[in-house]
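Colleague: What shape does this take:
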Amino acid sequence: MQAAEVLDFRSDTFTRPSPGMREAMARAEVGDDVFREDPTVAELERRAAGLFGREAALLVPSGTMANLIGIALHCGRGDEVILERRTHSFAHEVGGAAALLGAVFHPLDAPSGILSVESIRSAIRPADVHEPISRLVVMENTANLCGGKVVDLEHLRAVGSLCRDRGLGLHLDGARIWNASVASGTPLSDYAAEVDSLSCCLSKGLGCPVGSLVIGDEPDIERARWIRKMLGGGMRQAGVLAACGLYALENHLDRLADDHALAAELAEGLGEVLDERFRVDPPQSNMVLVHTDCLETCERAVAGWAALGILCLALSDTTIRLVTHMDLSPDAASRAVARLQSPRERG
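Modeller: Next up, the predicted model:
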């Protein structure tokens, strides 16, 4: 069998800069951003803050740093962060808030992956000298490990209201907030209005090679600049990266709807060709979760599909994730499904 062209569904982080983005990088006007003299960085931060309807934004190297800064804005040593167990800050950021900030995680389990208002209310500590102080709630939108689920605005608004009433901060990990906004039709500014701080990622669905932003009020972002430097995240002629973000905001936001449509097509096709060992979740954005009946099925499927040129990731012993993105062709879903048509090829 001739080797098939690889269809890489592992993550939207595998996107590469488009020719137009590379040209924007080459043309970028730059300066030393630590001295606040990079005009392209300044323009990206101004443009992003405006999109979210907030006062200021700060470019940082990664989403992990953006979330760490977001937690640092609200928490001191020994303060408690309430979040769902699958939230990125708890599951995939190396315990940075605990190791570097001395914050305490209070992970909760939610069947949907999205914390209910009541579960948060029940988790908030009483004023007791024996217990840590509940200081911050972290939500993720879209919820990555739950298959790109969208947190709707009314739910976020209810969580924000509870946090304000109880004196807690609310940080939104909006690594894929762009997807949430496009999928739900909710303006970015409406989401941002309900939280104290948020992060967003440029290097996932928007196709940039590097970069995230921390967004919030001017005093917080001024503090964030100091925290970024402390964490080693000060960048010099970063305009070449900021130019990617500006290009993406101009050219790659609306097309996220194409990724969502491709994910829906992929889920429908997989549901038709996979047998009873598999269950496919209908996607809400650009992620498809495939649940398997056991570890062996999961491992065989990931390896077998890779042999067919269909790359994906196992999120657990029984769950496979496939992510659609701009580097996939419009027919990627139909081509993947076609390769799985034969029963012996399904895993």
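
Colleague: CA atoms for contacts and neighbours, from now on please.
Modeller: Noted.

Colleague: quick one: residue 78 and residue 132 touch, right?
Modeller: Yes. Counting by C-alpha atoms under 8 Å, residue 132 is a contact partner of residue 78 at 6.2 Å.

Colleague: Residues that sit against both of those two, list them.
Modeller: Shared contacts of residue 78 and residue 132 (C-alpha atoms under 8 Å, 6 or more residues apart in numbering): residue 104.

Colleague: for the record, mean pLDDT for the longest helix belonging to the chain?
Modeller: Secondary structure of the chain per DSSP state H: the longest helix is helix 256-273. Across helix 256-273, pLDDT averages out at 98.

Colleague: Next, the buried residues of it.
Modeller: 256-271, 273 (16 or more other C-alpha atoms under 10 Å).

Colleague: Equivalent analysis for stretch 13-31, please.
Modeller: 13-18, 21-22, 24-25, 28-31.

Colleague: and if you look at stretch 308-317?
Modeller: Buried-residue list, stretch 308-317, by 16+ other C-alpha under 10 Å: 308, 309, 310, 311, 312, 313, 314, 315.

Colleague: Columns secondary structure and distance to residue 168 on top of those residues, output as CSV?
Modeller: Formatted as CSV, those follow (DSSP: H, G, I helix; E, B strand; the rest coil; distance: C-alpha to C-alpha, whole Å):
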residue, secondary structure, distance to residue 168
308, coil, 49
309, coil, 47
310, strand, 44
311, strand, 41
312, coil, 38
313, strand, 35
314, strand, 35
315, coil, 31
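
Colleague: which among those gets closest to residue 93?
Modeller: Closest approach to residue 93 among the buried residues of stretch 308-317 (C-alpha to C-alpha): residue 315, at 15.4 Å.

Colleague: What sits closest to that closest one if chain neighbours are left out?
Modeller: Spatial nearest neighbour of residue 315, excluding adjacent residues (C-alpha to C-alpha, 6 or more residues apart in numbering): residue 321 at 6.5 Å.

Colleague: which ones are touching the one you found?
Modeller: Counting by C-alpha under 8 Å, 6+ apart, residue 321 touches 10, 147, 287, 288, 289, 290, 312, 313, 314, 315.

Colleague: repeat for residue 239
Modeller: Contacts of residue 239 (C-alpha under 8 Å, 6+ apart): 25, 28, 29, 30, 31, 38, 39, 40, 41.

Colleague: can you check residue 113 too?
Modeller: Residue 113 neighbours (C-alpha under 8 Å, 6+ apart): 84, 85, 86, 143, 146.

Colleague: Specify which residues of the protein, grouped into ranges, have pLDDT under the cut-off.
Modeller: Regions of the chain meeting the criterion pLDDT under 70 cover residues 1-3, 342-347.

Colleague: Which stretches in it count as strands?
Modeller: 7-8, 56-60, 80-84, 104-108, 134-140, 169-174, 197-201, 212-216, 278-280, 287-292, 310-311, 313-314, 319-323 (DSSP state E).

Colleague: So what touches the third one?
Modeller: Outside of strand 80-84, the residues that reach it under the criterion C-alpha under 8 Å, 6+ apart are 75, 90, 103-110, 113-115, 120, 123-124, 132-139.
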